[in-house]
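**Student:** when you get a sec, could you give me coordinates for this:
(one chain, ligands or ions: 1)
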Amino acid sequence: MPGVSLVGSGSACLSATLSNEALSHLVDTTDEWIVSRTGIRQRHLAAAEDSLGSLAAQAARQALAMAQVEAEAVQLILLATSTPDDLFGSACQVQAELGATRAVAFDLTAACSGFVFALVTAAQYIRAGAFDTVLVIGADVLSRWTDWGDRNTCVLFGDGAGAVVLQASDRDRLLGFELCSDGTLNSYLKLPYQATPEPLNADLAVQKGTFAPITMNGREVYKFAVSRVPEVIEKALFRADLTTQDIDWLLLHQANQRILDAVAERLQVSPERVLSNMADHGNTSAASIPLALDEAVRAGRIQPGDTIAAAGFGAGLTWGSAIFQWG
Ligand code: ACO
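**Tutor:** Model prediction:
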């Protein structure tokens, strides 16, 4: 059975930033409140002319360049997103923009767990021998669906995109994983479609509406994350026949610095081994893990051969962990 290697990473650079101070002119909040409760100092926002697809393609191009892989060599593009430009999916637009003419492309939606779910899904195609070169992209423009008058949520989110290239290899560097869902907790975090009936005739009505802004029960999401995330990482480590002592980096979905700290403490991982770009980016949903990965790779923090325990968690609710070696 072929193994899986992660051979390149990339991310999109969004120049527009919104500081906590600027946010405090939109809603009743302060820099001090946001920093002390979340660790976020600013977030990057997509420009009005940016599409989700163009940000995803930008991250993908960087990842392909690092991997020294031509777009024509990519056989599968998995785009993890909850904010496509088109409800029919945005992956094919990314395929076209990249010129990845041989690739099949589709979207995968698992909110903030999307990147981990897509990484594991892509790895199964490689292990099965179906494809040997795959692009996995996590991208979200949650600013489109944020209620900018709701201080409970608008301080948390930012926009971004990150990508990795996976290739078939002799040694399998995806060492273990575990994925979970619990739809009974769905109401804690939602971006729901809301419709009213539009009659077509006396007997028939169709639904007409739009998506309502993000709603969140912050305290319940917090409790869920700090209990379930350590558990799922330990299960994935068990499958990899490793312990937390064996990992070089803990790479969690960047939701809240306090969640990162609490999970690291439960797993007894020292703060120097926890990757965080919360302060600069906030929560970029499916983009957060590949974005933090790419920044750490480009900064020379993550080195080839380093073992990384990644974990995503979010709406669904969904959560999952993948343990892998970089490079
Ligand atoms: N500025 C100032 N005050 C605020 C703000 C704000 N931006 N937001 C809420 N408050 C107020 C509340 O109204 C409340 O006031 P009250 O006591 O008068 O009612 C007070 O601050 C405390 O509110 P709490 O909700 O108890 O604050 P908490 O300490 O729990 O922090 C937070 C809130 C940051 C949202 C926290 O619960 C959290 O991080 N939860 C996890 C959220 C998360 O990670 N979501 C995303 C994960 S999934 C995904 O990525 C899509």
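
**Student:** now do the end-to-end distance for stretch 124-143.
**Tutor:** Length of stretch 124-143, first residue to last, C-alpha to C-alpha, to the nearest Å: 32 Å.

**Student:** kindly report the same for stretch 150-167.
**Tutor:** End-to-end for stretch 150-167, by C-alpha to C-alpha: 43 Å.

**Student:** find the nearest non-adjacent residue to the residue in the stretch 101-250 of the chain positioned nearest to the ligand, please.
**Tutor:** Of all residues in the stretch 101-250 of the chain, Gly218 sits closest to the ligand, at 3.0 Å by C-beta to the nearest ligand atom. All C-beta atoms are positioned from the backbone trio N, CA, C, and that covers glycine. Leaving aside its sequence neighbours, Gly218 sits nearest to Asn152 (C-beta to C-beta, 6 or more residues apart in numbering; 6.2 Å).

**Student:** okay, now the one you found: neighbour count?
**Tutor:** 14 (other C-beta atoms under 10 Å).

**Student:** likewise for the one 5 residues further on?
**Tutor:** Using other C-beta under 10 Å, the number of residues around Phe157 comes to 23.

**Student:** does it have beta-bridge partners, and which?
**Tutor:** Asn283 (DSSP bridges).

**Student:** strands of the stretch 151-300 of the chain, start to end?
**Tutor:** For the stretch 151-300 of the chain, applying DSSP state E, counting those that start in this stretch gives strands covering 159-169, 174-181, 189-190, 193-199, 205-211, 215-216, 249-252.

**Student:** all helices of the chain, in order?
**Tutor:** 20-23, 31-38, 52-67, 91-98, 114-127, 151-154, 218-239, 257-267, 278-281, 288-298 (DSSP state H).

**Student:** quick one: buried residues of the last one?
**Tutor:** For helix 288-298, the buried set under the neighbour-count rule, 16 or more other C-beta atoms under 10 Å, comprises 288-297.

**Student:** pipe the strands of the stretch 151-300 of the chain into a markdown table and attach mean neighbour count per row.
**Tutor:** Formatted as a markdown table, these follow (neighbours: other C-beta atoms under 10 Å):
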| stretch | mean neighbour count |
| --- | --- |
| strand 159-169 | 27 |
| strand 174-181 | 19 |
| strand 189-190 | 20 |
| strand 193-199 | 10 |
| strand 205-211 | 11 |
| strand 215-216 | 17 |
| strand 249-252 | 24 |
